[in-house]
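Enquirer: 3D model of this:
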Amino acid sequence: MILLDLPLETLDHIVSAIASPADLANLGEACRLLHSIVSPNHTQFREIRAPLLSPVWSKLAENHSLAQNVRIIEVQSAEPYQHSDRVDDPVIPAVFRDLQTQQAPLLEDYEDDDEDPAVAVGAYDAEKNSMDLGAERVFVAALKGMINLISFKWSRTPTLIDPAEEEDVWAVLKGLPRLTDVDVVDREKPYNGNGEVDDPAYHRPTFSTNFFSLKCLKSLSFMTEAYNSPSAGKPNLDYLATMLVNDCPDLEVLELSAITFGNNHFHTVSGRILLSGAWACLKEIQLRGIECRGELLFPFLNAHPSIEVLSLLGSSPMTDLSYFNSARLLATPGLLPRLRIVRGTPLGHILPSILTSTLQSPRPLEEIFGAIPSDSFLDALNKSGSGSSVKKLVFWSINDVSFPTFIPRLAAIVPNLESLVLEFSSQTETVVATATRHSLTRFQTAPRITRRLPRSPKTGLPQPHVKIITREFAPCRLEDHYHTTLKDDLMYMTYTHQAGEAKQPRQIRLKFDPNDPYSKYRRNTPVGGSQIGKKPAPPSSPDNIVRLEKIQLHTMVKEAVSNKGNLLGAMMQMKALTGESFQAGGQHAVQVGVKVDLKGQAMYDFLGTLVEFVLPRLRDFSGIVLPPSSSSVNTPSAVSGVVSFGLPAQAIVFFPQIEVNVDSYSKLYGMHIHFVTNARGIGAQDRARALVSGYQIPFIRK
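Expert: Alright, predicted model coming up:
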């Protein structure tokens, strides 16, 4: 049975199991026809980013068969200037891009010189809330059909739907079985004319029992501004901690930000969530506005050795002595062995304690951001041995640093530093100094080369330590022809469906008993004959489609038996045809011939010259002769996947490389051409012939 013979509903169900857009692209390369039939409903709907008033949500609410193909969504903010770091271009399916987006009302339309400004603002807010409420109801209807949703981002003001009266966004998310990533920005409403910050019409997720009922999350990013007004008070995150500990044991990323201000001063909220946290897979934790005193923080870090990214912003003041005392009393050996990136304000006492915690191997530190005193930080970094892996450093509030001593010590401890940013503030301005790796070298001598470069065994030239990849300057027409046309057609033509279980290969007995101590070191050749020609071809898949691996050219010179100098003419001929020399890829063959293997761009260049200039000019060439239909299909040549034919000496003159200089050759030599493919097993040569015929090389049967 052919896959394309299945009903469209079955094909659509099969492709719906592919979640990644990259995997969908690979499907398109493997089978262009299947991709054109099924993929438009999947590739365009895997990820959607749009504002709440976009018509894409109403279309998905009407068609749940398309909604179930969505994996990632982001509800974008209508006021992007407030969170510019979260503004991305909308991602909308092409079939819905021409639909008109609903426009929010303008405050200018409600203002009138004869009316009270407060009345105009009230009418504007009522109209805008009514429009947003209707859009949210449509979005909730669309969200119900996204049963395969994996990632959800909410980047706008809190929901207007009252959860006590109808289903809101969080109630629907609670019932989605595959949801693992949630990113919520609970933004405050913009200031209005009266200076009010919040609006009682908004229902924030912080006070929703549905929001604290999410399960099986692997990544949670939650930023709330619900407590940014004087009357809101401090948030209680105990419900969030209970949800994460009891219902999300596989949590990998945790980002919490609770912004609170009072009397124009920043305040932190309770950090009791650190007492409850116990996640074996936690890799990244970022806390902003959460109280992280030492007696809470260090037991938490000791219990989570898998943390790779640690970010503490807006925590307790850096001068709090509890950090220093707790670090000295609570830090244990082996603290955070996988730490790569560390950021935060109170790192002046935290980071030295982490670095001086003993490990069997240095931490893979790459980036450090924070306000760090120079002496304690440099001493701890030097003692830990992690300085060689650091690539980026950002320091702020470093007014007491002595640059003539700080920079040379830093350059010696962190030799591979690529970026250094120093921010120091004065009474009138803030100055940012940025340095790169090259600017640090003037404080120290150039590094010595401690390891010599290896030399190529062919050319004798030094080779770099890293692999250098060179790209072609011009596209290869025949190679593009294979990937765009032949690859799909060959997979369709050579596919063989195998019903039932595959036949087990025949067991071949051994000549000697392997358990016999007297035959332990004897050559134990299997008894039963060669099985090379009896093995079936591997099953067809996008990874083993027949392809051209190399073209091998070979010519023999009988006169070289007595005098090797007679090989010179054949070598010059091969060099002109292929551009390869002895050290660059050509080989002597048994001292009486020349052999060249062509791969990559050189292989396709030779193939193009052969089929476009040489074969059309040969009058006696009707095609490569096929064996009789009665010939065996399991001979060594039939299962090797190699197509071979020969060209006489008279045909060599038609190569442009020889024709322009034919008088300089005293004698021309014929050659054998072998197209070596990756096909193996029974029927391999038939698949190889199908590939070669795709390059306009004919075949004939006599």
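Enquirer: any idea whether residue 376 is helix, strand or coil?
Expert: helix (DSSP: H, G, I helix; E, B strand; the rest coil).
Enquirer: Not counting its neighbours along the chain, what's nearest it?
Expert: Computed as C-beta to C-beta, 6 or more residues apart in numbering, the closest residue to residue 376 that is not its neighbour in sequence is residue 352, at 4.8 Å. Placement of C-beta: from N, CA and C, glycine included.
Enquirer: Report the backbone C-alpha coordinates of stretch 10-23 in CSV.
Expert: Written as CSV, here are the backbone C-alpha positions of stretch 10-23 (Å, rounded to 0.1, in the frame of the first residue of the first chain):
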residue,chain,number,x,y,z
THR,A,10,-5.7,9.7,7.9
LEU,A,11,-2.8,11.6,6.3
ASP,A,12,-3.8,14.7,8.3
HIS,A,13,-3.8,12.7,11.5
ILE,A,14,-0.3,11.2,10.8
VAL,A,15,1.2,14.6,10.0
SER,A,16,-0.4,16.2,13.1
ALA,A,17,2.0,14.1,15.2
ILE,A,18,4.9,16.2,13.8
ALA,A,19,5.2,19.2,16.2
SER,A,20,8.4,20.9,15.1
PRO,A,21,8.3,23.2,12.0
ALA,A,22,11.8,21.9,11.1
ASP,A,23,10.5,18.4,11.0
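Enquirer: returning to what we had before: is it true that the residue nearest to residue 376 touches residue 382?
Expert: No - with contacts counted by C-beta atoms under 8 Å, residue 352 stays clear of residue 382, the gap being 11.0 Å.
Enquirer: doesn't residue 488 make contact with residue 694?
Expert: No - here residue 694 does not reach residue 488: they are 11.2 Å apart, not a contact under C-beta under 8 Å.
Enquirer: Would you mind finding the longest helix in this protein?
Expert: helix 117-144 (DSSP state H).
Enquirer: quick one, strands of the stretch 601-702 of the chain?
Expert: Remark: strands assigned in the stretch 601-702 of the chain by DSSP state E, counting those that start in this stretch are 624-626, 642-647, 671-677, 699-701.
Enquirer: Buried deepest among these, which one?
Expert: Among the strands of the stretch 601-702 of the chain, strand 671-677 has the highest mean neighbour count (mean count of other C-beta atoms under 10 Å), at a mean of 20.
Enquirer: Could you tell me how far stretch 279-292 lies from the centre of the chain?
Expert: Averaging C-alpha positions (C-alpha atoms, centre = their mean, to the nearest Å) puts stretch 279-292 25 Å from its chain's average.
Enquirer: pLDDT value on the nearest residue to residue 160 once chain neighbours are set aside, please?
Expert: Nearest non-adjacent residue to residue 160, counting by C-beta to C-beta, 6+ apart: residue 133, 4.5 Å away. Note on residue 133: pLDDT of 85.
Enquirer: Over to residue 170. Which of the three states is it?
Expert: Per three-state DSSP, residue 170 ends up helix.
Enquirer: so it touches residue 210, yeah?
Expert: Yes - when contacts are counted by C-beta under 8 Å, residue 170 is listed as touching residue 210 (3.9 Å).
Enquirer: Those two - which one has more neighbours?
Expert: residue 170 (22 against 17; other C-beta atoms under 10 Å).
Enquirer: Compute the inter-axis angle for the lengthiest strand in the chain and strand 642-647.
Expert: Looking across the chain with DSSP state E, the single longest strand is strand 548-556. Strand 548-556 runs at 40 degrees relative to strand 642-647, counting by axes from the mean of the first three to the mean of the last three C-alpha atoms, to 10 degrees.
Enquirer: who's in contact with strand 548-556?
Expert: Contacts of strand 548-556 with the rest of the structure, by C-beta atoms under 8 Å, 6 or more residues apart in numbering, involve 482, 570, 573-574, 577-578, 589, 592-599, 603, 606-607, 669-678, 691.
Enquirer: Quick check: what element follows it along the chain?
Expert: The C-terminal neighbour of strand 548-556 among helices and strands, as given by DSSP states H and E, is helix 567-578.
Enquirer: if we can go back for a sec, quick one, which of the strands of the stretch 601-702 of the chain is nearest to residue 460?
Expert: strand 671-677 (28.8 Å; C-beta to C-beta).
Enquirer: Please name the strands paired to that closest one in the sheet, noting orientation.
Expert: strand 548-556 (antiparallel), strand 642-647 (antiparallel) (DSSP bridges).
Enquirer: Can you check my assumption that residue 411 lies in a helix?
Expert: Yes - counting by three-state DSSP, residue 411 is found in a helix.
Enquirer: close enough to count as contact, residue 524 and residue 508?
Expert: No - if you go by C-beta under 8 Å, residue 524 and residue 508 don't touch, sitting 11.3 Å apart.
Enquirer: So between those two, which is more surrounded?
Expert: Comparing residue 524 with residue 508 by other C-beta under 10 Å, the one with more neighbours is residue 524, at 14 against 10.
Enquirer: Need the strands paired with strand 671-677 in CSV (columns: distance to residue 343 and mean pLDDT).
Expert: Putting those into CSV (distance: least, C-beta to C-beta, whole Å; pLDDT from 0 to 100) gives the following:
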stretch, distance to residue 343, mean pLDDT
strand 548-556, 50, 93
strand 642-647, 59, 93
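Enquirer: With distance to residue 368 as new columns, can those be given to me in TSV?
Expert: Output for those, formatted as TSV (distance: least, C-beta to C-beta, whole Å):
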stretch	distance to residue 368
strand 548-556	48
strand 642-647	58
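Enquirer: returning to what we had before: Throw the strands of the stretch 601-702 of the chain into a markdown table and include distance to residue 152, thanks.
Expert: As requested, the strands of the stretch 601-702 of the chain are exported to a markdown table (distance: least, C-beta to C-beta, whole Å):
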| stretch | distance to residue 152 |
| --- | --- |
| strand 624-626 | 59 |
| strand 642-647 | 54 |
| strand 671-677 | 48 |
| strand 699-701 | 57 |
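Enquirer: Residue 614: which of the ones you listed is closest?
Expert: The nearest among the strands of the stretch 601-702 of the chain, by C-beta to C-beta, is strand 642-647 at 7.6 Å.
Enquirer: ok, residues contacting the closest one?
Expert: 614, 624-625, 670-677, 685, 688-689, 692.
Enquirer: after the longest helix of the chain comes which helix or strand?
Expert: strand 151-154.
Enquirer: Indicate each strand paired with that following strand and its parallel or antiparallel sense.
Expert: strand 72-76 (parallel), strand 181-186 (parallel).
Enquirer: where's that strand relative to the chain centroid, distance-wise?
Expert: 20 Å.
Enquirer: just to revisit the earlier point, mind checking how far the residue nearest to residue 160 is from residue 172?
Expert: Distance, residue 133 to residue 172, by C-beta to C-beta, to the nearest Å: 16 Å.
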